[in-house]
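> Okay, sequence plus prediction incoming.
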Amino acid sequence: MTPSELNKPVVVLKFGGTSIASPNLIRNAAQRIARCRSEQKHVVCVVSAMGDTTDQLSSLAREVSSNPSRREMDVLLSAGEVQSMALLSMALTELGVPAISLTGQQGGILTDDRHADARILRIDPARVVESLHDDHVVVLAGFQGTDEQLEITTLGRGGSDTSAVAMAAALEAERCEILTDVAGVFTADPRLVSSAKQISTLSYDEMLEMANLGAKVLHGRCVELARRFRVPLVVASATEELPGTRIVRKVESMEEVVVRAVTDDRDVQKVSILSVPDKPGIAARLFSVLGDQGINVRLIVQAQSHEGHNDITFIVSGETLMEKSNLEAVVDQVGGTSWIVDDDVALLNIVGEGIQREPGVAGKIFSVLAEQQINLDLISSSNLVITCVVKEKDLARGAKALHDALIETDNN
């Protein structure tokens, strides 16, 4: 049986760890699932591990091993989602709702063999479809799958969201709801900007930029997947049944350019390779070496050439371990003189479709920051985002000022 042969539309609901962190919250989630099912929908529920279970399991591993293998860590950490799926299935049964819990393997999620950071290769939803046809709610363990050798794998950061969107695509679902501890996607981080407003609708591209540039509510991997397979996404509260934020293919505003959000990210480092020879192939060599070291670069700026040399500066995640030996190897490979790492920086990102081509937007951004006496270290722009690298101490003040100037008077 194929998904298209099911007699009711499929809705995928994903519950984050904070949304099912206690027995009471699990019962609340079960009630919400039951209400969705009563609307003549087939329901697949994807769950994360309860609360801080993953952290607790990781701590246990460190207590018994100084260097646990990635394979064994995957086996251990997958137990967190297995616990959640079984408990939620029990809670549904207690309400009189027929339910079945399935692990990633049982749900047909096949991945590559990269432990701790696997990628989904394909999904065979046959058992899920069979259970839906029998009118069961399917409770699926997120964050996990198996490789070709039936080894348990985990999907890394954003894995449960990615599991949910991938299953929604495989089932041709009506929508995928990411249910969490916030009401939706906001125009800024409410912890920094008290006047931040919830956004009703975003395009996939806008949400992807926000996810990759500091908005923690969704991970970029799941947004990429939703965009590729055109899965309608909703980000909403798990405890209140409010509309949330819809993520769709295109926001219908014709050619109007609207600043949608100001996002921030303080979890970054700035790395500069100094006095690099200004000749073809040097940049390629530099970033090939960084790639070989597993370093993902987020933003690149090359200074103007001076006497045949220039500086190349780039931004990496704050979690990236910039070992001295690795940096020395990079400098040696490209013929530079030295390097500088600065972790006292942060990103301010102004997001909106067509923002780069709108006259006056960049000037207004820079004027606002100048009025706040905030110096711009680096600047990058694209059709969707203008990114300013600033000192971390200026981040909150800059985010609030930009939000007030660019969004507060906006009718959206």
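Arrived safely, thanks for sending.

> which residues of the stretch 151-300 of the chain fall in strands?
Secondary structure of the stretch 151-300 of the chain (DSSP state E, counting those that start in this stretch): strands located at 152-154, 175-180, 201-203, 233-237, 245-248, 261-265, 268-277, 297-302.

> quick one: contacts of the fourth one?
Strand 233-237 is contacted from outside by 165, 175-185, 207, 217-218, 222-223, 226, 242-248, using Cβ atoms under 8 Å, 6 or more residues apart in numbering. The way it works is simple: take the backbone N, C-alpha and C, and place the C-beta from them, glycine included.

> same thing with the longest one?
By Cβ under 8 Å, 6+ apart, the residues outside strand 268-277 that reach it are 282, 286, 298, 308-318, 320, 322, 327, 330-331, 334-343, 345-347, 377-378, 389.

> Name the residues of the host helix or strand of V75 that are buried.
Assigned by DSSP states H and E, V75 belongs to helix 70-94. Within helix 70-94, the residues that count as buried by 16 or more other Cβ atoms under 10 Å are 73-85, 87-89, 91-92.

> Remind me what that helix packs against, helices and strands.
Contacts defined by 3 or more Cβ pairs under 8 Å, 6 or more residues apart in numbering; DSSP states H and E place helix 70-94 against helix 23-38, strand 42-47, helix 53-64, strand 99-102, strand 137-141, strand 144-146, strand 152-154.

> got the buried residues for the lowest-mean-pLDDT helix or strand in the chain?
Lowest on mean pLDDT, DSSP states H and E among the helices and strands of the chain sits strand 297-302, with a mean of 79. Residues 298-299, 301-302 are the ones in strand 297-302 that count as buried (16+ other Cβ under 10 Å).

> what's the distance between Q106 and A29?
Computed with Cβ to Cβ, to the nearest Å, the distance linking Q106 and A29 is 20 Å.

> out of those two, which sits in the busier spot?
A29 (25 against 17; other Cβ atoms under 10 Å).

> How many neighbouring residues does I282 have?
I282 is flanked by 20 other residues according to other Cβ under 10 Å.

> Over to E209?
Neighbour count for E209, taken as other Cβ under 10 Å: 28.

> Return the distance of it relative to K8.
Counting by Cβ to Cβ - E209 and K8 are separated by 35 Å.

> Mind jotting down where the helices sit in the stretch 301-412 of the chain?
324-334, 361-371, 395-406 (DSSP state H, counting those that start in this stretch).

> show me what contacts V316?
Per Cβ under 8 Å, 6+ apart, neighbours of V316: 268-269, 271, 295-298, 322.

> Buried among those? Need that as a selection in PyMOL.
Buried residues among the contacts of V316 (16+ other Cβ under 10 Å), as a PyMOL selection:
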select buried, resi 268+269+271+295+298
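
> would you turn the contacts of V316 into a markdown table with distance to K393?
Output for the contacts of V316, formatted as a markdown table (distance: Cβ to Cβ, whole Å):
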| residue | distance to K393 |
| --- | --- |
| V268 | 14 |
| Q269 | 16 |
| V271 | 20 |
| I295 | 26 |
| N296 | 26 |
| V297 | 25 |
| R298 | 21 |
| M322 | 22 |
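
> burial of I120, as a residue count?
Neighbour tally, I120, other Cβ under 10 Å: 23.

> just checking, it touches G145?
Yes. Contact criterion Cβ atoms under 8 Å: I120 and G145 qualify, at 6.4 Å.

> Now do the shared contacts for these two.
Taking Cβ under 8 Å, 6+ apart as the contact rule, the neighbours common to I120 and G145 are 109-111, 155, 163.

> which regions of the stretch 251-400 of the chain lie under the pLDDT threshold?
251-257, 303-305, 356, 358 (pLDDT under 70).

> again, only this time at 90
Judged by pLDDT under 90, the stretch 251-400 of the chain has its weakly predicted residues at 251-260, 263, 266-267, 271-343, 351-364, 377-386.

> A61 touches A79, doesn't it?
No. A61 is beyond contact range of A79, at 11.3 Å (criterion: Cβ under 8 Å).

> measure the residue lying farthest from the centre of the chain to S275 for me?
Using Cα atoms, centre = their mean, the residue of the chain lying farthest from its centre is E307. It sits 42.4 Å away. E307 sits 9 Å away from S275, going by Cβ to Cβ.

> got it, and E328?
With Cβ to Cβ as the criterion, E328 and S275 are 15 Å apart.
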